[in-house]
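Chemist: Need the 3D shape of this:
(2 chains)
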Amino acid sequence: MRYLPLTNNDRADMLATIGASSIDDLFVDVPAEAQLDGPIRDLPNHASEMAVERHMRALSKKNLAAADAPFFLGAGAYRHHVPASVDHIIQRGEFLTAYTPYQPEIAQGTLQMLFEFQSQVARLYGCAVANASMYDGSTACWEAVAMASRVTRRNRAVLSGALHPHYAEVISTMAKFTKDEIADAQPSIQSAPDADGLIGRIDDQTSCVVVQYPDILGRVSNLQTIADAAHEKGALLIAVVTEPVALGAIKAPGDLGADIVVGEGQSIGVGLQFGGPYLGLFAVRDKKHVRQMPGRLCGETVDAEGKRGFVLTLSTREQHIRREKATSNICTNSGLCALAFNVHMTLLGEKGLRQLAAENHRLACLAADRLAKVPGVSVLNDSFFNEFTIRLGQDARPIVRTLADRGILAGVALNRLYPDVEALSDSLLVAVTETTSEDDIEALATALQEVLS
Amino acid sequence: MNAPNKSGWKPEMNASEDGMHNGPATSTGNRALMLEEPLLFEIGNVETTGVDLPEPKADAPNRLGGMDRAEPIGLPGLSEPETVRHYTRLSRQNYGIDLGLFPLGSCTMKHNPRLNEKVARMPGFADVHPLQPVDTVRGAFEVINELAEWLISLTGMHGIAMSPKAGAHGELCGILCIRAALEARGDAREVILVPESAHGTNPATAAFAGYRVEDIPANADGRVDLEALKARLGPDIAGVMITNPNTCGLFERDMKAISDAVHDAGGFVYCDGANFNAIVGRVRPGDLGVDAMHINLHKTFSTPHGGGGPGSGPVVLSEALAPFGPLPYTARTRDGVVHLVEEEQADAFSQEHFGGKMQSFGRMTAFHGQMGMFTRALTYILSHGADGLKQVAEDAVLNANYILRSMEDLLHAPYAHSGPCMHEALFGDKGFGGDLSTLDLSKALIDEGYHPMTMYFPLVVHGAMLVEPTETESKAALDQFIQAFRTVAERAKAGDESMKQAPFYAPRRRLDETLAARKPKLAWEEGE
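Modeler: Coordinates of the predicted model:
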């Protein structure tokens, strides 16, 4: 077995040192009836690297990779080009095979990276402080709702109808158990988000208002008016950003009055990976809320010689110290994905991020205009960044399947996310990034025209 | 003491006069290969970029709804060579499994096979979107299901929830299943019992799920006190959370009796599977009456720890809890097809294939779980097979006992008398000289070239040191570690005050954690 260094001689020597006659002696505390008499039956035995690779490759070949088709899916997971050096750096053993930096003297690599990551996220979001990451955007979103309850001592969260339905479902699931009250809604199917309708649902019992920016249909709203309305009632505004690249083009939620900004970081550095692992981002606009934050925080300090260094800090919020009184039960986060984000964002820099965002928006505008020319197709959005909703005049799901058979991954039929909302059945969410070529857009438009006619 | 290897070779280390091997100061602050690295914010520039993208045109269409970000963001960039150098230099200030033995108890820092990394990066796994039409991702569902079937077989359980994102998320999933099962029978219970020796995530999870947490007493052997537990059971107890093997490194001999007692009282048994590596392939938790157990794929199944994640925490479930697991889930039907069951089809699928029994408590995360960890874990499992996994458990336990018996004459081993340990050996600080502590010993061990063991956990042993070598260490590596461990233990017992200054040779000396917490500086700010 290639991963096990002990030889049979070693094992015999070690048993002798221990004073045991056989390995079974070391399992004496396991009751006899729970001991298996050999390897578990009906399962195969060990296999060579080559054989395993062959098996896994065969499974991977049953999937259509995004690179092998014109590709337009988004809805909370976006395909972007990740520079080769990102993957190289995250595979350095010192990063890959380290653990949570409990011993800061020999974990400054991870700690300094986390400090840089927190600083990048805070700036991107227009916030004072970001944490060292959460599991993903959806769980970060729930943690923000829970934090808002702690801060406001209220427990009624108002969700925008245009919040990603998976995020809304995670919040609703958790709230069932914590007895938070969730005011959910359906998305308004109009060219602009229904800010007035949302504001009308805020009252003086509201702990927070949760708004996605850009929203699930791709529309960009002015968060400032919603923030003002929330603050007037003593509620917090939680802004949710599922596409961080957008913030290279549109204003930061923190600068528009959002109190907590959370989101998915997967677009920067991480890749699609069929939905995980992803990278939850979590930030607060005002430092005063830091001690109510969930998750790990890395902070600057000095060592015994006065040299600058970094440590995990404010851990009295956390489960390993506070146990049942912790702000969250989170332990492991998404460290390596945070590194990927950190490296990719460093390669981009502000200049590259703005260029990337502009290129996404340019191609999305091009696609929206081209698709609008397809007979029977209309574009819903007045505003968007790199993702918009088109209406097909007929059920979108069979169209998506037909286009997939033709080798085109056309987007996300909104009924996949909102199976119960009849009014969205003809709607298709189309995402366009820098990886989309003009040929891809033409291929989609042409195929859509054929399929619709 | 065994020689480090057959040749008997050992590096020479002549201490300088000051004992610290200090030469003259350097102008850079570097010490040869030990290179200081500034923050990105000190070397980067907002005008620099390491990617080649087109310059935006002034007359480009703009449909951003008037929300253009005109103000500076403040994100410095570096060119590619500068980026690679920056992070390579940072990486060298980290300890990792690839550098040496990493005996962090309860974390199972085993070798991360590189085939796993290669497989996870196959385009059919890495470059697929979670919402692609199901016919274009059949292989992905097969991976999830194949791994699920292995985990069910290895644990002897009935069902599994694959979507939890890490161990603590898996704990939450298991506790929510218990809550849902109790609510389904109209039985509101308020308390979860957790031993004092448990990971902090256990009580935090139970509290997060709305339960009151009470302690389970331990006996002098470091195990759950069965009689005391029985005395506390009653109609208010929703369940117990027990780590087995426990955090003292011992197998809970009475696990089956504990489960039976809890079941008799109408409660459920949650097992923290953090220590599954000790028993994988040899003992099935399902045979011990467990109702739910999370499996840290980043521990037992070798997916990389990555400096703090990402993890993955599938939860195996008993027949009583399986119907309540989260959405989405995958299921193989009689025709051999693996289906993804999301909110939309959940009721119909349950009616058609499970007689309407599946009544999920809801969704815990967007999409379908940690696919990138599933591919790695499945690769690991297929590489080992049933025979190799059994050997994993046996070698992990053998290695830990070898350390326990090589140290117990020198270090206080509070439970060594009660029999063999499982895959980790627990020591305490009794007998240390002066006012030396476990922290001092740990920092001295850093100077010897090792990542320290888990310190001050579990809480039930004073100055606890929890040592988990894992099965991927050779005997020679263990012997070297034992030699170093004995050296620092002897110094601690002798009251060697210089240990309070350790580490001397790490990239940083001891860091001021009080200052970090008193004046938190959590992000870069200009002009400092």
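
Chemist: Excluding covalently adjacent residues, which one is nearest to the residue in chain A positioned nearest to chain B?
Modeler: Chain B sits closest to A:Gly349 of chain A, with a gap of 1.5 Å, by C-beta to the nearest C-beta. C-betas here are computed from N, CA, C, even on glycine. Take A:Gly349 and drop its neighbours on the chain: the residue closest to it by C-beta to C-beta, 6 or more residues apart in numbering or on different chains is B:Gly77, 1.5 Å away.

Chemist: which residues does the one you found form a beta bridge with?
Modeler: Under DSSP bridges, the beta-bridge partners of B:Gly77 are B:Asn45.

Chemist: Same check on B:Val191?
Modeler: What pairs with B:Val191, by the bridge criterion (DSSP bridges), is B:Arg212, B:Ile237.

Chemist: How many neighbouring residues does it have?
Modeler: Using other C-beta atoms under 10 Å in any protein chain shown, B:Val191 is surrounded by 18 other residues.

Chemist: re the thing from before, got a pLDDT number for the residue nearest to A:Gly349?
Modeler: As predicted, B:Gly77 sits at a pLDDT of 98.

Chemist: list the contacts for it?
Modeler: A:346-352, B:44-50 (C-beta atoms under 8 Å, 6 or more residues apart in numbering or on different chains).

Chemist: Top of those residues by number of neighbours, please.
Modeler: Using other C-beta under 10 Å as the neighbour test, the contacts of B:Gly77 are led by A:Thr346, with 33 neighbours.

Chemist: That residue contacts B:Leu78, correct?
Modeler: Yes - shown here, A:Thr346 and B:Leu78 form a contact pair, counting by C-beta atoms under 8 Å, at 5.4 Å.

Chemist: what bits of chain A have low per-residue confidence?
Modeler: Nowhere does chain A drop to pLDDT under 70.

Chemist: what's the overlap in contacts for A:Thr346 and B:Leu78?
Modeler: Residues touching both A:Thr346 and B:Leu78 (C-beta under 8 Å, 6+ apart) are B:40, B:44, B:50, B:86.

Chemist: how much space is there between the residue lying farthest from the centre of chain B and chain A?
Modeler: Largest separation from the mean C-alpha position in chain B: B:Asp59, at 51.5 Å (C-alpha atoms, centre = their mean). Distance of B:Asp59 to chain A, given as C-beta to the nearest C-beta, to the nearest Å: 11 Å.

Chemist: Can you list the residue ranges for helices in chain B?
Modeler: All helices of chain B, identified by DSSP state H, fall at B:40-43, B:80-91, B:114-120, B:123-126, B:138-155, B:167-184, B:201-208, B:226-232, B:255-264, B:343-354, B:371-407, B:438-447, B:475-493, B:513-518.

Chemist: just for chain B, where's the confidence low?
Modeler: Where chain B drops to pLDDT under 70, the residues are B:1-22, B:528.

Chemist: Find the closest residue to chain A in it.
Modeler: In chain B, the residue found nearest to chain A is B:Gly77; the distance is 1.5 Å by C-beta to the nearest C-beta.

Chemist: got a list of what the closest residue to B:Pro61 other than its chain neighbours touches?
Modeler: Nearest non-adjacent residue to B:Pro61, counting by C-beta to C-beta, 6+ apart: A:Cys365, 4.2 Å away. For A:Cys365, the contact set (C-beta under 8 Å, 6+ apart) comprises B:60-61, B:63.

Chemist: Please point out which parts of stretch A:180-200 sit buried.
Modeler: Going by neighbour count (16 or more other C-beta atoms under 10 Å in any protein chain shown), the buried part of stretch A:180-200 is A:180, A:182, A:184-185, A:187-189, A:193-195, A:198-199.
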